[in-house]
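Visitor: fold the following, please.
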Amino acid sequence: MFKLNSLLAFLAFGIFSVQADTINFDVKDNIALSGKIATVKTSSKYKSVEGCAALCEKKNSCAAFVLDAKAGSCSILKSVTKETEKNGLTSGIKN
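Guide: Next up, the predicted model:
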């Protein structure tokens, strides 16, 4: 029984932590954002929505992020000027 409770607690914490990374963003699938680019990262730790959002959270100048998971890039934007539909991208605008 102890192992089952531990597993349930671990899974619950894991689900909560994923949501916490993106809670300050309006995340949209298949949306590309245009604007002034602050940085583009291709490190494996930024190849998920949660990782890209966490990078944006760390940057004071970040207004939004755009994740291209297929290309493996996370773009951090200082400003957002345009929003367009583009398959395969996930974008998040800071609330």
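Visitor: switch to C-alpha atoms for all contacts and neighbour counts from now on
Guide: Fine.
Visitor: and the helix or strand hosting residue 50, what's its mean pLDDT?
Guide: Counting by DSSP states H and E, the element that carries residue 50 is helix 49-58. Averaged across helix 49-58, the pLDDT comes to 95.
Visitor: mind listing residues that contact it?
Guide: Contact with helix 49-58 is made by 18, 21-22, 25, 45-46, 62-67, 74-76, 90, 92, as judged by C-alpha atoms under 8 Å, 6 or more residues apart in numbering.
Visitor: separate out the buried members of the residues you listed.
Guide: Among the contacts of helix 49-58, those classed as buried by 16 or more other C-alpha atoms under 10 Å are 21-22, 25, 46, 62-67, 74-76, 90, 92.
Visitor: of those residues, which belong to strands?
Guide: Using DSSP state E, the members of the buried ones among the contacts of helix 49-58 that fall in strands are 25, 64, 65, 66, 67, 74, 75, 76, 90, 92.
Visitor: got these as CSV, with distance to residue 38 and pLDDT columns?
Guide: Formatted as CSV, those follow (distance: C-alpha to C-alpha, whole Å; pLDDT from 0 to 100):
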residue, distance to residue 38, pLDDT
25, 17, 96
64, 10, 98
65, 10, 98
66, 12, 98
67, 14, 98
74, 11, 98
75, 8, 98
76, 5, 98
90, 17, 97
92, 15, 97
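Visitor: how about the nearest residue to residue 73, chain neighbours excluded?
Guide: residue 42 (4.6 Å; C-alpha to C-alpha, 6 or more residues apart in numbering).
Visitor: fine, thanks again, bye for now.
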